[in-house]
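Novice: Got a predicted structure plus its sequence, pasted below:
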Amino acid sequence: MDSIFYDERLKDLFGKLTENVNSRTQYDITLKDNIGPVAEMMRISRAELEYYSPRNEITPSGAAGNVGIFCINDEWNNECSVTVSYPIFETGRSVCTFYADKDYFWNDKEKADVKFFGQLLFVTGGNSWLLEMAKNSAVTDAKTKLPNTTAFITYGEKLIANDKMVGKTICVLHIKNFRYLCQKFGPRKADEILKKFGVVVKNFLVESEMLAILGGDNFAVIINNERVDSFTEYLSNISVPLNTGSNIISFDVAARAGFYEARKNDTLNDIMNAAFVALDVARAKETSDFVKMDPYMIKRIMQEKEISNVFPKALKEMEFCVFYQPKVNLEDNSVCGGEALVRWLKDGELIPPAQFIPVLEREGKVSSIDFYVFERVCQSLRRWIDMGIDPVRVSVNFSKLNLYNRNLTNEILSIMNRYGITSEYIEIELTEMSGYEDYEALCIFINNMKELGIKTSIDDFGTGYSSFNLIKDLNADIIKLDRSFLSNIDNKLEKQCRTDEIVIKNIVNMVNELDMEVIAEGVETIAQAEFLKKINCLKVQGFLFDKPMPEEEFEKILTTKKHYSVVAV
């Protein structure tokens, strides 16, 4: 075996073992298919591998075994062998034993060549193993050993390319209160729950379906449409075994999920966005942890996202305008005040507040529009005063989110001082609060306003929590009856009408006796106005008199000191 490492057969073998071999399986097959000429040259009949690997990140349960690498002849010389050892991780070891041909004994040089040959096999084999690890790690989550985002995208794009995504539903889900689990059990146990949860979910799936972990406690699932209902039921009843140290318990894991049924021409990005939107809706809902997205919901939520995205620019470019709705004194039908209401003039279209205020409240951006409107009102009041027009008190709505601003009072006062507006012309409307924290902040703010002589009103009274406690305990100046109170006045159902009349009458009496003002909003019929006048609720607003109008039209009403004639005094 002189100079065997210059032999073309050996070069050919290692050339094949290192060219386009990127997995251990490919390596083993290539070795068995091409080892013959080299084994014959080196008089090797058999090679076997014994290995032991401790627990580690790659093999969490450890590994051990004995396998044949190749066997050229049915018989070999057990009395002539060469052993090559190679370490695995810190304490593991892989041992390869080569056996000579039957009745053949290697000399010392031949044994050294066999040993070096074995070392070359370990190096090239290890390289293929590392390549396989790299390939797997690209599509496998290191923590859970589940398919990762890359694997999910690859599979999803493949389904779309082969026109097989239609008929499937994408589900994105997460474990409810996972942060709490981390705090309660510690990060390691929480990760154990995460992994076992993923395995349990994966066990439900069939061929062509897939689960992947997207990061954190977020998972994505591709599932056949006809199995969505059973999958949802399955998600509702998942428990995993958890070793607490003292015993093993069955731990219930609650999930929250959004579903979207793929449609023709959907991109994977479209599908994932829709499923995540459904998950966001599920997070916001208290009635269900599972939400199926439909096209209407997608359109609505995309519109809301657009509103949120373009709002800062729209505010900067002053696309918002202030409308005013007159408040009327029923004693003489004169204008006794006004309410400032925001409108959005977007691309030539006037958008009502119901389409954007709730979005801004959810996004925490509503305070910006509140102060925008307040400053515009102060500007108008200043201009009217300078023109010699006697203004009326104007109420401006402030969202309850403003109550958590410690500088709220100072910011309101600063704007008033900037335009030289005195407190007699300003009223701050606040939506009725619910919950102790809101209520406490409300009391503090109202007392601050009271000290400055600025009127405060509780808007939409009767729609929130503990309305009568608000009348009793708050130091507010004005109570605005919600329009829902008047809906049955002038109703043909006499009993319902009579019941509502009694309720309204007693609320008005109570407010008046407490030396607070009361104003009814949503007045739309003469009968409603006459009823309110009869029970001494003398200040009203509603479409019976005027709809909200642009600033210049309200200015004309102030200039002419208009009296309405729709109601007989």
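Specialist: Received it, and whenever you're ready, just let me know what you need.
Novice: Just give me the neighbour total for the closest residue to Lys539 other than its chain neighbours.
Specialist: Counting by C-beta to C-beta, 6 or more residues apart in numbering, Ile519 is the residue found nearest to Lys539 once chain neighbours are left out, at 4.2 Å. Using the backbone N, CA and C atoms, a C-beta is placed for each residue, glycine as well. Applying other C-beta atoms under 10 Å, we find 26 residues neighbouring Ile519.
Novice: hang on, Ile519 packs against Lys480?
Specialist: Yes. Under the criterion of C-beta atoms under 8 Å, Ile519 makes contact with Lys480 at 5.2 Å.
Novice: Please identify every residue contacting each of these two.
Specialist: Common contacts of Ile519 and Lys480 (C-beta atoms under 8 Å, 6 or more residues apart in numbering): Ser457.
Novice: circling back to that earlier point, for Leu558, see how far away the residue nearest to Lys539 is.
Specialist: Remark: distance between Ile519 and Leu558 (C-beta to C-beta, to the nearest Å) = 19 Å.
Novice: Same question for Glu75.
Specialist: Counting by C-beta to C-beta - Glu75 and Leu558 are separated by 114 Å.
Novice: Could you chop this protein up by domain?
Specialist: Domain ranges of the chain: 4-137, 149-293, 311-483+518-524+538-560, per automatic domain parsing.
Novice: how long is the longest one from one end to the other?
Specialist: Separation of the first and last residues of domain 311-483+518-524+538-560 by C-alpha to C-alpha, to the nearest Å is 37 Å.
Novice: can you give me the helices in the stretch 351-500 of the chain?
Specialist: 357-363, 366-386, 408-419, 436-452, 467-473, 494-513 (DSSP state H, counting those that start in this stretch).
Novice: winner for burial among those helices?
Specialist: For the helices of the stretch 351-500 of the chain, the largest average neighbour count (mean count of other C-beta atoms under 10 Å) is found in helix 366-386, namely a mean of 18.
Novice: Helix or strand: which one has Glu555?
Specialist: Assessed by DSSP states H and E, Glu555 sits inside helix 551-560.
Novice: Helix 366-386 and that helix, what's the angle between them?
Specialist: If you take axes from the mean of the first three to the mean of the last three C-alpha atoms, to 10 degrees, helix 551-560 sits at 40 degrees to helix 366-386.
Novice: elements contacting helix 551-560?
Specialist: Applying 3 or more C-beta pairs under 8 Å, 6 or more residues apart in numbering; DSSP states H and E, we find helix 551-560 packed against strand 320-329, strand 334-346, helix 366-386.
Novice: For Phe117, which of these is the nearest?
Specialist: Closest approach to Phe117 among the helices and strands packed on helix 551-560 (C-beta to C-beta): helix 366-386, 75.4 Å.
Novice: For Leu121, see how far away Ala47 is.
Specialist: Distance of Ala47 to Leu121, computed by C-beta to C-beta: 8 Å.
Novice: which residues are common contacts for those two?
Specialist: Common contacts of Ala47 and Leu121, defined by C-beta under 8 Å, 6+ apart, comprise Cys96.
Novice: Between Glu75 and Leu558, tell me which one has more neighbours.
Specialist: Remark: of Glu75 and Leu558, Leu558 carries more neighbours, 18 against 12, as counted by other C-beta under 10 Å.
Novice: per-residue confidence for the closest residue to the more buried one other than its chain neighbours?
Specialist: Nearest residue to Leu558, sequence neighbours excluded (C-beta to C-beta, 6+ apart): Ile389, at 5.2 Å. Looking at Ile389, its pLDDT reads 94.
Novice: need the contact list for Ile389.
Specialist: Applying C-beta under 8 Å, 6+ apart, the residues contacting Ile389 are 555, 558-559.
Novice: do you know how far it is from Cys321?
Specialist: Computed with C-beta to C-beta, the distance linking Ile389 and Cys321 is 19 Å.
Novice: Also Gly215?
Specialist: Counting by C-beta to C-beta, the gap from Gly215 to Cys321 is 44 Å.
Novice: what do you get for Asp141?
Specialist: From Asp141 to Cys321 the distance is 52 Å (C-beta to C-beta).
Novice: And for Ile502?
Specialist: Counting by C-beta to C-beta, the separation of Ile502 from Cys321 is 41 Å.
Novice: Looking at the residue nearest to Lys539 now. What's its pLDDT?
Specialist: Turning to Ile519, the model gives it a pLDDT of 95.
Novice: What is the three-state secondary structure of it?
Specialist: Using DSSP: H, G, I helix; E, B strand; the rest coil as the criterion, the local structure at Ile519 reads strand.
Novice: Check the contact between Lys450 and Cys443; I expect there is one.
Specialist: No. The pair Lys450 / Cys443 is not scored as a contact, 10.5 Å apart, by C-beta under 8 Å.
Novice: Mind listing the shared neighbours of the two?
Specialist: Counting by C-beta under 8 Å, 6+ apart, the contacts common to Lys450 and Cys443 are Asn475.
Novice: ok so, going back, from the chain's centre, how far out is the helix holding Glu555? Work that out for me.
Specialist: A distance of 46 Å separates the centroid of the chain from that of helix 551-560, by C-alpha atoms, centre = their mean, to the nearest Å.
Novice: what's the answer for stretch 556-566, then?
Specialist: With C-alpha atoms, centre = their mean as the basis, stretch 556-566 stands 50 Å off its chain's centre.
Novice: Same question for stretch 220-238.
Specialist: Relative to its parent chain, stretch 220-238 has a centroid offset of 20 Å by C-alpha atoms, centre = their mean.
Novice: Just the terminal-to-terminal distance for it.
Specialist: With C-alpha to C-alpha, one end of stretch 220-238 sits 16 Å from the other.
Novice: can you check stretch 99-119 too?
Specialist: With C-alpha to C-alpha as the measure, stretch 99-119 spans 15 Å from end to end.
Novice: When Gly215 and Cys321 are compared, which one has more neighbours?
Specialist: Set side by side, Gly215 and Cys321 give different neighbour counts by other C-beta under 10 Å, the larger being at Cys321 (15 against 10).
Novice: neighbours around Asp101, how many?
Specialist: Neighbour tally, Asp101, other C-beta under 10 Å: 20.
Novice: separation between the closest residue to Gly167 other than its chain neighbours and Met165?
Specialist: Among residues not flanking Gly167 along the chain, Asn225 sits closest, at 5.7 Å (C-beta to C-beta, 6+ apart). Distance, Asn225 to Met165, using C-beta to C-beta: 11 Å.
Novice: who's more crowded, these two?
Specialist: Between Asn225 and Met165, Met165 has the larger neighbour count (other C-beta under 10 Å), namely 22 against 13.
Novice: Quick one: classify the more buried one as helix, strand or coil.
Specialist: Applying three-state DSSP: Met165 is coil.
Novice: which residues sit in contact with it?
Specialist: 156, 159, 262, 266, 271.
Novice: try 6 Å
Specialist: Residues in contact with Met165 (C-beta atoms under 6 Å, 6 or more residues apart in numbering) are 159, 262.
Novice: before we move on, could you check phi and psi at it?
Specialist: The phi and psi values for Met165, taken as degrees, to the nearest 10, are phi -80, psi -30.
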